[in-house]
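Visitor: build me a model:
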Amino acid sequence: MTFPHTALAAAPQGVDGVALTVFVLFFLAVTVMGFLAARWRKAEQSANLDEWGLGGRSFGTWVTWFLLGGDLYTAYTFVAVPAAIYTAGASGFFAVPYTILVYPLIFTFLPRLWSVSHRHGYVTTSDFVRGRFGSKGLSLAVALTGLLATMPYIALQLVGIQAVLDVMGLGGGEHANWFVKDLPLLIAFAVLAAYTYSSGLRAPALIAFVKDGLIYLVIAVAIIYIPIKLGGFDEIFHAAGKALAQPGPTGKPRGELASGPNAQWAYATLALGSALALFMYPHSITATLSSRSRNVIRRNTTILPLYSLMLGFLALLGFMALKAGTDTHGNAQLAIPQLFADMFPSWFAGVAFAAIGIGALVPAAIMSIAAANLFTRNVYKDFLKPTATPEQEHKVAKLVSLLVKVGALAFVLTMDKTVAINFQLLGGIWILQTMPALVGGLFTRWFHRWALLAGWAVGMVYGTLAAYGVASPTQKHFGGSSAEIPGIGQIGYIGFTAFVLNVLVTVVLTLVLKALKAPDGADETVPDDYTADRGDKGVTPDLPPAPAEAPAGH
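Guide: The predicted model follows:
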C-alpha cells in the first residue's frame, strides 16, 4: 500500500520495561513457531520451489486467509494509514475503499491464474507471461518490475519495526553509537532471515495466525477503550477538525475532516489505481498460488473484506491521535505507536507493539520469498542456467531471499527513510504496469507480445518521470504520487495515468503489428487450463507429490 509522504525523525523515549518484556515474549514465541514451521506439512522431497516458496501448494481456506491478510495488511499499513489521517485527514481514507474495490476485481482473475499455474507448475506471474506469450523478454520485464517494487516494500516493514522500537526507547537515542542504536533491528532481521531460510513460506503462514489475532485484538480494544478515555467520538472529530484546519507548511490548512470536491479526481484515481495494483505485487501472487484449490481462492475473495472493516477502524486512530495531542517528535509515523504508549497500560502497550512488530515480520518474509522465486525462475533459470534442477533452484532461492533482506536492511540503515517511502510510491506506479500482460493474458491472447512490452516501457518511463517532477514542502522530487492528468487538467494518481497510456500503446501497437503480420510467440496453454481445479488431468509439472491434505478448513 502506498501512502502520502511524512517526515521521519527519531523519537527519544525512556524504556518501558513492562511493555518491552511483553514485546520480547511474543517475539520469542513467533521465532520458535517460525523454525518449527519447517516440519509443518513437510513433503518427503522438499528441496524444490513448490515446497519452499509455495508451501507445497497445500494451504486451505483459513490458512490462505490469514496468509493473504498477513501479506497485504502489513506493519507499515498499521503505522501509515493512521499517520496519513493524522497528517492530512480524509485523504488518507483512500486505503479503505481501495481494499473494498480490490476483492471483486480479483474474484474475476485470480482463480484463472491459480488454475493455469496449477496445470503448468508456474511459480510466478512471469512464468505465466512467458508461457502465455512465448516471450522471455516480456517475462523478464515483469520479473524485474516485481523485484524493483518489492525491495522498498520490504524496507518499509523494517521502518515499521523501527517505529515501534523508537517508541519503546530501544537503541539509545539519536546520538548513540550506530551499532547500539540499530542492534534491536539487526537482531529482528537476523531472526527473520534465519527462519525464512529454514522454513520458507510455511513460517509466515503459521506466524500469520498470531499476527492477525493480535491486530484484531488491539484494534477492537483501541476502538472502544481510547474513545472512552478521550470523551467519545464527538469530541474526537471536533478536535481533529480544528487541528486539520490549522495552517500547514504551505500556509493552507493541513487537511480536511471530510474530503472536498477539489480532491475527488485524486482520491478516486488513487483508490482505483491502488486496487488494480495490489494483486500485481509478487507477494500477493505467492500467497495466492500457495492455496490448494481454485475454490479456496474464490472463498477468500469473499471473506477478505473483513480486513477492510479492520482497516476502517484502524484509520480512525489517526483522528484519536489528533484529539489526544500525541507528540510524534516530528515523525508522523510514530503517531499510533506513541498513542498506544500514552493511552494503554504498559502491559497492553506491549501487546500492541508486538502486533505491529510481528505485522512486519510476516509480510517481509513473504516478500523476500516472492522476490527469490522471481529471480530464481525468471532470471537464473531462464537466462543464466536453463538446465537448473529443482534442487539447484531451491538453493538459489534460499540464498537470494537472504540477499534481498540484506539489501532492504542496508537501505534502511544507510539512507534517509524518506528515500524508502519515495521508492515505495514508485513501486505502486511500476507494478501497475504489469497488469495488461498478466490480467489481459488470463482472458485473451489478442495482445501482441511486442506491444505489451512497448506499453509496459511507456508506462514505466512516464510514471517515473511524472513522479520525479512532484515536489512537496520537504523535497524537490518524488514528493508524492499525484500530478496533473494530461488533457484533463485534474490532479490524479500518476500510476493510473501511466496505466491508461500503457493500455493505449498496447492496443494501438497490437493492431499495427497484427496488420504487419509480425511473428507472435507460441502459447503453451489451452482454454481448459484456466478453469482446472486440483486433481484435473492436464500438463503435470516435474515435481514431487504434494503432502497429504489436511482436514477441510485447515
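
Visitor: give the contact list for V102.
Guide: Residues near V102 by Cβ atoms under 8 Å, 6 or more residues apart in numbering: A275, L278, F279. C-beta: built from backbone N, CA, C; applies to glycine.

Visitor: any idea how far it lies from R130?
Guide: Per Cβ to Cβ, to the nearest Å, V102 is found 26 Å from R130.

Visitor: equivalent analysis for G318, please.
Guide: 43 Å.

Visitor: and I297, by the same measure?
Guide: Applying Cβ to Cβ to I297 and R130 gives a distance of 22 Å.

Visitor: look at F496 and say how many residues are nearby.
Guide: 26 (other Cβ atoms under 10 Å).

Visitor: again with P249
Guide: 10.

Visitor: got the contact list for stretch 303-313?
Guide: 65, 68-69, 72-73, 77, 81, 95-96, 99-100, 103, 215-216, 219, 222-223.

Visitor: how far off centre is that stretch?
Guide: On the basis of Cα atoms, centre = their mean, to the nearest Å, stretch 303-313 sits 16 Å off its chain's mean C-alpha point.

Visitor: list the contacts of the residue most central in space within the chain.
Guide: Residue closest to the mean C-alpha point of the chain, counted by Cα atoms, centre = their mean, is L72 at 5.0 Å. Neighbouring residues of L72 by Cβ under 8 Å, 6+ apart: M1, T99, L278, S284, Y307, P363.

Visitor: of the residues you listed, which pair is most distant in space?
Guide: Greatest spatial distance in those: T99 and P363, 14.7 Å, computed using Cβ to Cβ.

Visitor: tell me where the protein is predicted with low confidence.
Guide: Applying pLDDT under 70 to the chain flags the ranges 1-14, 43-44, 171-181, 415-420, 535-554.

Visitor: make it 50
Guide: 4-12, 539-554 (pLDDT under 50).

Visitor: how far off centre is the longest helix anywhere in the chain?
Guide: Using DSSP state H, we find that the single longest helix of the chain is helix 136-168. How far helix 136-168 lies from its chain's middle: 8 Å, per Cα atoms, centre = their mean.

Visitor: I'd like to know how far the nearest residue to F133 once chain neighbours are set aside sits from V129.
Guide: Leaving aside its sequence neighbours, F133 sits nearest to R449 (Cβ to Cβ, 6 or more residues apart in numbering; 4.2 Å). From R449 across to V129, the span is 9 Å (Cβ to Cβ).

Visitor: name the residues contacting each of these two.
Guide: By Cβ under 8 Å, 6+ apart, the residues touching both R449 and V129 are S135, L138.

Visitor: buried set for stretch 329-342?
Guide: N331, A332, Q333, L334, A335, I336, P337, Q338, L339, F340, A341, D342 (16 or more other Cβ atoms under 10 Å).

Visitor: so which of these sit within helices?
Guide: Reading helices off the buried residues of stretch 329-342 with DSSP H, I get A335, I336, P337, Q338, L339, F340, A341, D342.

Visitor: which parts of this protein are strands?
Guide: 482-484, 491-493 (DSSP state E).

Visitor: point out the most buried one among those.
Guide: strand 491-493 (a mean of 24; mean count of other Cβ atoms under 10 Å).

Visitor: so which bits of stretch 293-308 are buried?
Guide: S293, R294, V296, I297, R299, N300, T301, L304, Y307, S308.

Visitor: now swap in stretch 36-51 and tell me
Guide: Quick answer for stretch 36-51 (16+ other Cβ under 10 Å): A37, A38, W40, R41, A43, S46, A47, N48, L49, D50, E51.

Visitor: export these to CSV and tack on distance to T506?
Guide: Formatted as CSV, these follow (distance: Cβ to Cβ, whole Å):
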residue, distance to T506
A37, 41
A38, 43
W40, 43
R41, 41
A43, 40
S46, 40
A47, 39
N48, 35
L49, 30
D50, 32
E51, 36
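
Visitor: list just the nearest of these to L144.
Guide: L49 (18.8 Å).

Visitor: pretty sure the closest one sits against A370.
Guide: No: counting by Cβ atoms under 8 Å, L49 stays clear of A370, with 11.3 Å between them.

Visitor: and V507, what does it touch?
Guide: So V507 contacts F447, A451 (Cβ under 8 Å, 6+ apart).

Visitor: quick check: it vs H448, distance?
Guide: Distance from V507 to H448, by Cβ to Cβ: 10 Å.

Visitor: what of L317?
Guide: L317 is 48 Å from H448, by Cβ to Cβ.

Visitor: go on, I223?
Guide: 51 Å.

Visitor: higher neighbour count, the two?
Guide: H448 (24 against 17).

Visitor: wait, what's in contact with the more buried one?
Guide: Taking Cβ under 8 Å, 6+ apart as the test, what H448 contacts is L509, T510, L513, K514, A518, D520.
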